[in-house]
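**Student:** Below are the sequence and a predicted model; questions follow.
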Amino acid sequence: METKDIINRLREIKPYLQQEYAVKTLGLFGSFADGTYTDNSDVDILVEFEQPVGWQFFTLEKDLERMLNRKIDLVTANALKEQMKPFILSQILYI
């Protein structure tokens, strides 16, 4: 799966994610955003929610893994390490 395939699939499933998980924003970062991914790379996704989701965060991560058939590293902006935050936020490909 290439970056364009990941982006297209995320666009397809975004309405479902908005309805099911109150997803406000999705963004791709890391190796799939900068083109350095390999066959073993996970997909790094930044997510923002309309409301607190609690444990559903982990259900969303597993749901994304199933839908993309690849390991997902799902994070919120608040969970990013401060020293990495500016770099990550500057490379995000928003869906």
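**Tutor:** That came through, no problem.
**Student:** Am I right that I6 is in contact with L64?
**Tutor:** No: proximity of I6 to L64 does not meet the contact threshold set by CB atoms under 8 Å, at 10.3 Å. C-beta here means a position set from N, CA and C on the backbone, and glycine is covered the same way.
**Student:** anything in contact with each of these two?
**Tutor:** When contacts are counted by CB atoms under 8 Å, 6 or more residues apart in numbering, I6 and L64 are jointly contacted by V43.
**Student:** so how far is stretch 39-49 from its chain's centroid?
**Tutor:** 4 Å (CA atoms, centre = their mean, to the nearest Å).
**Student:** Just the C-alpha atoms of it, please, in CSV.
**Tutor:** What follows is stretch 39-49, C-alpha atoms only, in CSV (Å, rounded to 0.1, in the frame of the first residue of the first chain):
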residue,chain,number,x,y,z
ASP,A,39,6.9,-2.8,3.7
ASN,A,40,7.2,-3.0,7.5
SER,A,41,6.3,0.6,8.3
ASP,A,42,3.3,1.4,10.5
VAL,A,43,0.9,4.1,9.6
ASP,A,44,1.1,7.2,11.8
ILE,A,45,-2.2,9.0,12.2
LEU,A,46,-2.9,12.1,14.2
VAL,A,47,-6.6,12.3,15.3
GLU,A,48,-8.7,15.0,16.9
PHE,A,49,-12.1,14.3,18.4
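**Student:** Now do stretch 88-95: everything it contacts.
**Tutor:** 3, 7, 10-11, 14, 25-30, 33-34, 46, 77, 80.
**Student:** Any quick ChimeraX command for the buried ones out of those?
**Tutor:** Those of the contacts of stretch 88-95 that count as buried under 16 or more other CB atoms under 10 Å are selected in ChimeraX with:
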select :3,7,10,25,26,27,28,29,30,33,46,80
